[in-house]
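S.K.: I would like the atomic coordinates for the input below:
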Amino acid sequence: MDIACSEQTSRADEAEGLLKAMAQAQRLTVLCCLRDGEQSSTTIAARAGWRLAAVSHHLGILRNAGIVSSRRSGRRIIHTIESPVASRVLEALRAA
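M.R.: Below is the predicted model of the structure:
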């Protein structure tokens with residue numbers, strides 16, 4: 001395998017991880033909420049009409065994939081989209 005193929009394989013593996021994490025309706029909904037800017041878990045749950053536990057579960061998967069980052073603000077945890085690639089995928093889906 002030449003270097004170019006090796007590099008493409010590495011990029012394909014990264015893309016697969018990103019798409020696997022995003023390829024679920026609830027996680028896409030969470031990301032759509034975050035597309036509007038930073039949100040707390042409670043705000044996302046209210047906007048989506050879900051239980052907080054479900055939102056936390058999906059945020060954990062997105063955080064582990066490097067798509068979302070979280071920070072503490074007082075008693076609240078604030079989430080934001082960290083991955084510029086994920087943001088571009090969301091924009092492409094929105095335009096489709």
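
S.K.: outside of stretch 80-91 itself, list whatever touches it.
M.R.: When contacts are defined by CB atoms under 8 Å, 6 or more residues apart in numbering, stretch 80-91 is touched by residues 18-19, 22, 28, 31-32, 34-35, 37-39, 66-70. The C-beta positions use only the backbone N, C-alpha and C, and glycine is treated the same way.

S.K.: next, count neighbours for residue 22.
M.R.: Number of residues near residue 22 (other CB atoms under 10 Å) recorded here: 21.

S.K.: and the lengthiest helix in the chain, what does it pack against?
M.R.: The residue-count maximum for a helix in the chain (DSSP state H) belongs to helix 3-22. Here helix 3-22 is seen to pack against helix 25-35, helix 52-64, helix 84-95 when contacts are counted using 3 or more CB pairs under 8 Å, 6 or more residues apart in numbering; DSSP states H and E.
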